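Participant: quick one, structure for this:
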Amino acid sequence: MQRTAVNPWDWSLKLGYNQAEIIEGATRQMICAGQTAMDGEGKPQHAGDMRAQISLALDSLEAVLKEADMTLSNVTKLGVYATDVDEALKNFDLLGQRFGPHQVAPPMTLLGVTRLAMPELLFEIEATAMA
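Facilitator: Prediction:
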């Protein structure tokens, strides 16, 4: 799979994502449901702690990718939902720590929402991945 970044301007690169990517040579696509701070039994974790919830949601995303024989390097698009966008952005270094070693900056949308599926949840991340 070959990825070609499309960035008519570079401001989004400072935030850790490309405006778009051209994907060529992919043979499989995975569309991942939103991952949140849930344990293996579906119970919300880290109530009130955005940073811990982002970290656990990323752990969950990586687990789903691994199950599909993929890694974060295969992620081609992210959708991020947060009940407090400012607090989420303060903790976006976690995304850089996870995606940086894979040298990818998938296009991303961050939306502020009033609530997620369960009231304790503050952050959700969904992904499209290709291999």
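
Participant: packing partners of the helix or strand containing residue 59?
Facilitator: Assigned by DSSP states H and E, residue 59 belongs to helix 50-67. Counting contacts by 3 or more Cβ pairs under 8 Å, 6 or more residues apart in numbering; DSSP states H and E, helix 50-67 packs against strand 29-35, helix 85-90, helix 93-99, strand 123-130. Where C-beta positions appear, they are placed from N, C-alpha and C, glycine not excepted.

Participant: in its sheet, which strands sit next to the last one, and in what direction?
Facilitator: Here strand 123-130 is paired, per DSSP bridges, with strand 29-35 (antiparallel), strand 75-82 (antiparallel).

Participant: tell me which of those strands sits most buried.
Facilitator: Greatest average neighbour count among these goes to strand 75-82 (a mean of 21), per mean count of other Cβ atoms under 10 Å.

Participant: residue contacts, the residue nearest to residue 77 when sequence neighbours are not counted?
Facilitator: Among residues not flanking residue 77 along the chain, residue 128 sits closest, at 4.2 Å (Cβ to Cβ, 6 or more residues apart in numbering). If you count contacts by Cβ atoms under 8 Å, 6 or more residues apart in numbering, residue 128 has them with 29, 30, 31, 32, 75, 76, 77.

Participant: now pLDDT and distance to residue 11 too, for the residues you listed, in a markdown table please.
Facilitator: As requested, the contacts of residue 128 are exported to a markdown table (pLDDT from 0 to 100; distance: Cβ to Cβ, whole Å):
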| residue | pLDDT | distance to residue 11 |
| --- | --- | --- |
| 29 | 96 | 28 |
| 30 | 97 | 29 |
| 31 | 97 | 28 |
| 32 | 97 | 27 |
| 75 | 98 | 21 |
| 76 | 97 | 21 |
| 77 | 98 | 19 |
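
Participant: since that was my last question, I'll sign off now.
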